[in-house]
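Colleague: Pasting the sequence and the predicted coordinates here, then a few questions.
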Protein chains: 2
Amino acid sequence: MNLLRDLCLKEGLEGSTVCFMDIDEERLNVVYALAKRYAKEMKRPDLKFEKTMERKEALVDADFVINTALVGGHTNVEKERECGEKHGYYRGICFGSYFHQLKLMLSVARDMEAICPDAWLIQASNPVFDGCTLMTRETKIKIIGLCHGHYGVYRIAEVLGLDPKKITFQAPGLNHCIWMTDFRYEGKDAYPLIDEWIEKKAEDYWRTWDGNPMDVQMSPAAVSLYKMFGLFPIGDTARFGGAWWHNVDLETKKRWFNKYGGFDSEIGWDYYLKGLQKQMDKMFQMYEDSSASVVSEFPPKMSGEQHIPIIDAIINDHEGKFQINVPNHGALPGFDDDVVVEVPGIVSGHGVKPIHVEPLPKHLTLHIIRTHIVRMEMGLEAFLTGDKNVLLNMILSDHRTRSYDQAQKVMEAVLALPFNEDLRKHFK
Amino acid sequence: MNLLRDLCLKEGLEGSTVCFMDIDEERLNVVYALAKRYAKEMKRPDLKFEKTMERKEALVDADFVINTALVGGHTNVEKERECGEKHGYYRGICFGSYFHQLKLMLSVARDMEAICPDAWLIQASNPVFDGCTLMTRETKIKIIGLCHGHYGVYRIAEVLGLDPKKITFQAPGLNHCIWMTDFRYEGKDAYPLIDEWIEKKAEDYWRTWDGNPMDVQMSPAAVSLYKMFGLFPIGDTARFGGAWWHNVDLETKKRWFNKYGGFDSEIGWDYYLKGLQKQMDKMFQMYEDSSASVVSEFPPKMSGEQHIPIIDAIINDHEGKFQINVPNHGALPGFDDDVVVEVPGIVSGHGVKPIHVEPLPKHLTLHIIRTHIVRMEMGLEAFLTGDKNVLLNMILSDHRTRSYDQAQKVMEAVLALPFNEDLRKHFK
């Protein structure tokens, strides 16, 4: 719905055709119907909507393809998680979902090569880092990976009491692992304001904090990473940035994130899933009640998502700066060209041009970034070869693994889940 | 004594002067006296011996410098180990000794730059990988790192019942992490003989094995790594090659190495240290008994060590192939030029030329080799910057570390050991 309202608001995309594709017919019908009602209420008869359950049909004549799919949905992820927990992995070890996502992404990109080879693929679902690296290596499709993480800087501004409109920033790295290399308020270096906040206000903030579990941008974990590496971690970075020691168990998570243990604890994740469910329920209700105004539920203001503005920038040569995930090609110095990095980039009719940024600090590069890259490379190697030894080594590399036998057992158990049948056959 | 008998046996090194240097006067006197007696018994009046406790004095006019020093000796290492054990690290976490070694190595190389800039440094004591990488990056000295590990191939031949004189091999990688990319018996691929042995004889061999704790070349650990990565690990590789899961505790070590838990278990290491002590005692006894024949204790046959043959190859242009540790410069494809690799190399009057070998398998590279390199890079970064955060992250990266607090405590405890005073000052 966010993309839809952006589309209705963005000048220059008149006459667009949007084709929804889903393998879930009910959900597809709901989204399709609501989209049509939204456009009608917004008086945009020029926008055309289609729907299909056949992916290849949806790709015909596409200029842009937005992939937001999660194979098997959260239900399967949670079953995998439960299985991992039984084998001693707190919060699970969901490699099945990971490979299913890679497989879907690659098959979408391959279909695009056959059907709409000049279209842009905007990859929104995870793993953006691994998936975009895989697709850009294995196909010729033009790909941009997008994420919300960098908006974390506005949460920093908010907590510091700064007008978000007056800040500028740069936060390059890898997706879910981005680090603020520049932060300005009214043009002046604002890092000293963070330092001051940490010194004088952080303890109070943490003691009296009363937000939602997902709010971890200014958590003790983030501040500790900042002290350790010299750059502030942005968005999901404090969650996934490589600090296994923040994620040992619920008590540890409460200490480092917030009283709920942060986004990824059993409490935080449950909150997140319930939020998704509520939103889905609301859409189904609206679908049933054909007299309800969709626009009043989703008021027409730009969502802040980058998808539609990027499409507009490319189609109409409306040059803009975005936070994008694209193959490195030297933008982030010190890493291979064919690794997808998250950097600022200029998007226009000329295409997508990542901005060359300064190298990240050596300590951060060694300890965090290279580790992420090695993990991704092992994931892709396992996926592409189907070598069970590589998969086993991925699990052995997990800091939570305590023994060889534990790794073997959890590998077999996750592979034995009914929805992982194709992976059971793939890994030999 | 090995180097001494090689020197006495090797034609072409007549008239050499050997200067022994040690900060331990008693040990220095013993070695010096025994060397003189050995040369006398061997009727080699042309060989001259000197001794000094001043390193810089020893370096004057040197053509070759052999560094075999272990700072603080095994006594300090064992104290560090004990300290680590108290904080939950089985077999300790001896980073103090590691940094002391780096510091000594670098200061030797820097002294050489000032006093004998054209001399070759043969680095025999550990960490050869980290130390040689450090010295070759920070100084202009010509350096060769040597190790015994590759002789493991002859143990393979022995166990398979092959004449060691009829085998050839190639085993590149990093020091303590080398993998057999070629293995021939009478010119023919001998890997099938290993496979046959594993299939038909390994179980029997392991059940009836009755060697010394250090004999791990054909252990279940080595065979498991071979099955996992497709190349047989050679020498110390099965001990240090990156498989934390073989080293969890004594029981696990017994399963993977041998009934003593291998070289590095409390049993194996004690055996090793007692062996060193016995050898030292014997030398002291011989020193006291001036009528004893040193030659009959160390019979004059080539030791198999590479040091003296390499010196001969350089001095007399006696070209030969050796297993050396030198900066990569493309010899092992896929790694930085300034990382020291262990590869076969041709040594002659022309110098030391590493042989370009084929790339190691991707899975091995990702899981094992890159992990070793990142660990080394973090070690050097910690050493060169004195950044306590980097040191802390090194400890956090250790698979045995269970929590942030544990890492901090063991770091402070090891730094608090009396002989680590300089490190306490260095790390801030």
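Modeller: Yep, that arrived.
Colleague: Around chain B, which positions in the stretch 301-428 of chain A sit nearby?
Modeller: A:362-363, A:366-367, A:370-371, A:374, A:377-378, A:381, A:385, A:387, A:389-390, A:392-393, A:396-397, A:399, A:401-404, A:407 (C-beta under 8 Å from any C-beta of the partner chain). Bear in mind the C-beta positions are built from the backbone N, C-alpha and C, glycine included.
Colleague: Next step: these restricted to helices.
Modeller: A:362-363, A:370-371, A:374, A:377-378, A:381, A:385, A:389-390, A:392-393, A:396-397, A:404, A:407 (DSSP state H).
Colleague: which regions of chain A sit below the pLDDT cut-off?
Modeller: Applying pLDDT under 70 to chain A flags no residue at all.
Colleague: Which residue ranges of the stretch 151-300 of chain A form helices?
Modeller: A:152-160, A:191-200, A:202-208, A:220-229, A:237-240, A:250-256, A:266-288, A:294-297 (DSSP state H, counting those that start in this stretch).
Colleague: out of those helices, which comes closest to chain B?
Modeller: helix A:220-229 (4.8 Å; C-beta to the nearest C-beta).
Colleague: Now for the residue positioned nearest the centre of chain A: which residues touch it?
Modeller: Geometric centre of chain A, nearest residue: residue A:147, 4.2 Å, by C-alpha atoms, centre = their mean. By C-beta atoms under 8 Å, 6 or more residues apart in numbering or on different chains, residue A:147 lies in contact with A:128, A:175, A:176, A:235, A:236, A:323, A:325, A:342.
Colleague: One more pass at 7 Å, please.
Modeller: A:128, A:175, A:325 (C-beta atoms under 7 Å, 6 or more residues apart in numbering or on different chains).
Colleague: try residue A:72
Modeller: A:97, A:100, A:419.
Colleague: and with 6 Å instead?
Modeller: Taking C-beta atoms under 6 Å, 6 or more residues apart in numbering or on different chains, we find residue A:72 in contact with residue A:419.
Colleague: circling back to that earlier point, could you export the helices of the stretch 151-300 of chain A to CSV, including columns for distance to chain B?
Modeller: Formatted as CSV, the helices of the stretch 151-300 of chain A follow (distance: least, C-beta to the nearest C-beta, whole Å):
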stretch, distance to chain B
helix A:152-160, 22
helix A:191-200, 16
helix A:202-208, 17
helix A:220-229, 5
helix A:237-240, 14
helix A:250-256, 7
helix A:266-288, 19
helix A:294-297, 45
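Colleague: ok so, going back, if any of the residues of the stretch 301-428 of chain A next to chain B are buried, give me the PyMOL selection for them.
Modeller: Those of those that count as buried under 16 or more other C-beta atoms under 10 Å in any protein chain shown are selected in PyMOL with:
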select buried, chain A and resi 362+363+366+367+370+371+374+377+378+381+385+387+389+390+392+393+396+397+399+401+402+404+407
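Colleague: picking up where we left off before, between the contacts of residue A:147, which sits nearest chain B?
Modeller: residue A:175 (19.6 Å).
Colleague: of all of the stretch 101-250 of chain A, which residue lies closest to chain B?
Modeller: residue A:245 (4.2 Å).
Colleague: Return the residues in contact with that residue.
Modeller: Applying C-beta under 6 Å, 6+ apart, the residues contacting residue A:245 are B:396, B:404.
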